[in-house]
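Visitor: My questions are about this predicted structure, shown below with the sequence.
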Amino acid sequence: MVQLSGTLASSLSPRQVRGIIAAIAAITAVGLSLSASLPLLALTLEYRGISDTWIGINTAFSGVASIVATPVGPYLARKLGTPQALLISLLVAGFSLPFFFVLENFWAWFPLRLLFHGATTSAFILSEFWINALAPSKHRGFLMGVYATVLALGFASGPLVLAYAGTTGALPFLLAGAGIIIAALPVLVGFNAAPRIESKATSKLYAFLWIAPAATLAGFVFGAVEQSGISLLPLFGLKIGLTAETATLLVSAMAAGNMVLQIPLGMLSDRMNRRHLLIYCGAFGVVGALLMIPLSGSFYGICALLFVWGGVVAGLYTVGLTHLGARFDGANLASANAAFVLMYSIGQLVGPASTGLALSTWGADGLPLVFAGFLGAYVIICLIRGTRLGAAR
């Protein structure tokens, strides 16, 4: 690790270091607030008497917001500049979040989801493009692993905020919104170190879905599983007999595993076939999801499983982004990253709705069964495409 650090330091200019740190710090603050707000929103709807199915549908609407917002980030970055576009996204998201507490009408939450999740989607697209564009090629996987690790630290800490501030009243909404606004500070620090987009991409955004299908499909599957986990694991916890505050810690366990395993997975992606690594992560995810059923009777057992499972499955995101960063640059990288986030967003739409329906139909077992289904389908599709198109694709 010391040798790697020395080699990495010699590969980065001061501008690159400042820019990467600024982008990582900003999106980490967003991740902390987002991981607190998503289970908070689900529990708030539960307290207001909304059914599991409708909670899942409303949560899935965040995917609609992300799909709509996906082309906006690269467009704003090209017209205004990357840091300017990121600042706008952060301020819109931070100021809109407390209105979920203010607006008690359930139907008003749908347009509010469009605003809030659209802004956070743009923030993620711009931050990941920022990091990927500045990372040197031979250490891109490691740096994306660092990014994912620090982001996971934010996601793991978010539910702890709920354990401290509670899950009722205005305080948790205000704290989560303030966290997103604070994320603007590191953007200002790294303002002059952001990459520029000076021309349009040579391919349409949707073309990247076909150019790099294994990576973009990984984004879809991870979006479905992660969004369902962050939003609906607390409901899964309630169904297996946990209290509301304890149930939110299941999200922390999943995110903590993400934090620990992304650097090793990123380093592996710099040294082996990324397609194969994506398949291995998906296959492990199937087995781990099915093990949630027999381990649901033990709080410590399910937390330990979610720790390992969450870290390995999150490798779909880290390795997928690294794969795209190695293949594209400039405007094409921004569009490829947007295509990845588009698929991730579609997963956000499909996953929570499917999982919410499964929880209503099959009880607690519905959540792990849906997870295993998504991951299993991904592995099968990748194996079929690999047989037909060859590992080079």
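Guide: Ah, there it is.
Visitor: and residue 117, how far is that from residue 254?
Guide: Distance, residue 117 to residue 254, using C-beta to C-beta, to the nearest Å: 20 Å. C-betas here are computed from N, CA, C, even on glycine.
Visitor: In terms of pLDDT, where does residue 202 sit?
Guide: pLDDT, residue 202: 60.
Visitor: Check residue 9 too.
Guide: 57.
Visitor: any idea of the pLDDT on residue 374?
Guide: 96.
Visitor: So which residues of the stretch 51-200 of the chain form strands?
Guide: Using DSSP state E, counting those that start in this stretch, the stretch 51-200 of the chain contains no strands.
Visitor: Show me the shaky parts of it.
Guide: 156, 197-200 (pLDDT under 70).
Visitor: What segments of it are helices?
Guide: Taking DSSP state H, counting those that start in this stretch, the helices of the stretch 51-200 of the chain run over residues 52-69, 72-80, 82-96, 99-102, 109-134, 140-165, 171-182, 184-189.
Visitor: out of these, nearest to residue 274?
Guide: Closest approach to residue 274 among the helices of the stretch 51-200 of the chain (C-beta to C-beta): helix 140-165, 8.1 Å.
Visitor: Packing partners of that closest one?
Guide: helix 2-11, helix 14-47, helix 109-134, helix 171-182, helix 244-269, helix 299-327 (3 or more C-beta pairs under 8 Å, 6 or more residues apart in numbering; DSSP states H and E).
Visitor: okay if I get these as JSON lines plus distance to residue 350 and mean neighbour count?
Guide: JSON lines is the format used below for the helices and strands packed on helix 140-165 (distance: least, C-beta to C-beta, whole Å; neighbours: other C-beta atoms under 10 Å):
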{"stretch": "helix 2-11", "distance to residue 350": "38", "mean neighbour count": "11"}
{"stretch": "helix 14-47", "distance to residue 350": "16", "mean neighbour count": "23"}
{"stretch": "helix 109-134", "distance to residue 350": "15", "mean neighbour count": "25"}
{"stretch": "helix 171-182", "distance to residue 350": "25", "mean neighbour count": "20"}
{"stretch": "helix 244-269", "distance to residue 350": "19", "mean neighbour count": "23"}
{"stretch": "helix 299-327", "distance to residue 350": "15", "mean neighbour count": "24"}
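Visitor: for those, which one sits closest to residue 371?
Guide: Per C-beta to C-beta, nearest to residue 371 of the helices and strands packed on helix 140-165: helix 299-327, 8.4 Å.
Visitor: What mean pLDDT does that closest one get?
Guide: Averaged over helix 299-327, pLDDT sits at 90.
Visitor: Next, the angle helix 140-165 makes with it.
Guide: 140 degrees (axes from the mean of the first three to the mean of the last three C-alpha atoms, to 10 degrees).
Visitor: just checking, what packs against helix 299-327?
Guide: Counting contacts by 3+ C-beta pairs under 8 Å, 6+ apart, helix 299-327 is packed against helix 109-134, helix 140-165, helix 213-239, helix 244-269, helix 274-295, helix 330-362.
Visitor: TSV please, covering the helices and strands packed on helix 140-165 and showing distance to residue 74.
Guide: Listed next are the helices and strands packed on helix 140-165 as TSV, based on distance: least, C-beta to C-beta, whole Å:
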stretch	distance to residue 74
helix 2-11	26
helix 14-47	15
helix 109-134	7
helix 171-182	21
helix 244-269	24
helix 299-327	13
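Visitor: List the neighbours of stretch 185-200 that are in contact with it.
Guide: 15-16, 18-19, 21-23, 25-26, 29, 74, 77-78, 81-83, 86-87, 90, 129-130, 133-134, 330-331, 334 (C-beta atoms under 8 Å, 6 or more residues apart in numbering).
Visitor: count of neighbours near residue 365?
Guide: A total of 18 residues lie near residue 365 under the criterion other C-beta atoms under 10 Å.
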